[in-house]
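**Q** give me a 3D structure for the following:
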Amino acid sequence: MSFHPEPELRRHTLVVTVSSHDGRPVLDRHAYASLARTFHEAAVNDDVRVVVLRGLAGCFCLGGDFSEFLDATKHQQLIAAVTDMFRMLATFPKPVLACVDGDAVGVGCTILFHCDMVIASRGSTFRVPFVDFGLVPDAATSILAPQKLGYAGAFRFFCLGDTLGVEDAKALGLVGEIVEGSAEEMALARARQLAKKPVAALLQTRGLLKGDTDVLCDRIDHEISLFQQALQDDATLKRLQRIARLAA
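**A** Prediction:
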């Protein structure tokens, strides 16, 4: 049975659920394409002033769909969908907030680096195990992570693959606010605050703070190229197969 909440416009806030369409807390090529389409439509919809990203109950997102990594026939569509989604997210002109309740892993964590605010509940965790898988990070996080976490923090997070608790994530700057209970309520409250601001001034200020997004798009393309090369490496594929069997 399919279960995937559709994007929901609440006044001027668009609430978007990060998950596959069959109700798993992962992103496959269809989910990437759906997110890209949603952001594209939201960018030109004047009724949407803020986007809030949320996960399924108890889990933000556990990363990409391993089965697509291991199926070479899906690589071309997967790479195209991933590139389109992250380019859309990098150039999106409106505020994006994330509410994290539970685990944010892999792409479920790198997507947070494009958010203007990340609000997380206690017990939430953050991990980017790309290097452990024989892969490189995505979403231009090779630029965004050192900017947000500092080089040493980014190196430890990405290269050691440490799991960050919510307090450590806040100390490094990945998380902006920690809440007791559900993070969604606070994220929606912050979104309402932003939606009341003068629209032009808010968007112009955000654009100035974000800077040159062309640099991010170029890095997204380069990271995806390295990612695609890694998926053609026999040692990497065997490692991914072992991990997939352990996770089954």
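**Q** for the chain, which segments are assigned as helices?
**A** Using DSSP state H, the helices found in the chain span residues 29-43, 66-69, 75-91, 107-110, 130-133, 141-149, 151-155, 166-172, 183-195, 199-210, 213-230, 234-247.
**Q** now mean neighbour count and mean pLDDT too, for those helices, in TSV please.
**A** All C-beta spots, glycine's among them, are computed from the backbone N, C-alpha and C. Putting the helices of the chain into TSV (neighbours: other Cβ atoms under 10 Å; pLDDT from 0 to 100) gives the following:
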stretch	mean neighbour count	mean pLDDT
helix 29-43	19	97
helix 66-69	19	90
helix 75-91	20	96
helix 107-110	28	97
helix 130-133	17	95
helix 141-149	19	97
helix 151-155	15	97
helix 166-172	17	97
helix 183-195	19	98
helix 199-210	12	97
helix 213-230	17	96
helix 234-247	12	88
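**Q** between these, which one is nearest to His12?
**A** The closest of those to His12 is helix 183-195. By Cβ to Cβ, the value is 4.0 Å.
**Q** dump the closest one to PDB, restricted to CA.
**A** Extracted in PDB, the C-alpha atoms of helix 183-195 (Å, rounded to 0.1, in the frame of the first residue of the first chain):
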ATOM      1  CA  ALA A 183      10.200  19.700  16.200                       C
ATOM      2  CA  GLU A 184       7.400  20.200  13.600                       C
ATOM      3  CA  GLU A 185       5.400  22.600  15.800                       C
ATOM      4  CA  MET A 186       8.300  24.900  16.400                       C
ATOM      5  CA  ALA A 187       9.300  24.800  12.700                       C
ATOM      6  CA  LEU A 188       5.800  25.800  11.700                       C
ATOM      7  CA  ALA A 189       5.800  28.600  14.200                       C
ATOM      8  CA  ARG A 190       9.100  29.900  12.800                       C
ATOM      9  CA  ALA A 191       7.700  29.600   9.300                       C
ATOM     10  CA  ARG A 192       4.700  31.700  10.300                       C
ATOM     11  CA  GLN A 193       7.100  34.300  11.700                       C
ATOM     12  CA  LEU A 194       8.900  34.400   8.400                       C
ATOM     13  CA  ALA A 195       5.800  34.400   6.200                       C
END
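**Q** got the helices of the chain as TSV, with distance to Cys99 columns?
**A** Output for the helices of the chain, formatted as TSV (distance: least, Cβ to Cβ, whole Å):
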stretch	distance to Cys99
helix 29-43	16
helix 66-69	25
helix 75-91	16
helix 107-110	13
helix 130-133	24
helix 141-149	18
helix 151-155	23
helix 166-172	12
helix 183-195	4
helix 199-210	19
helix 213-230	23
helix 234-247	26
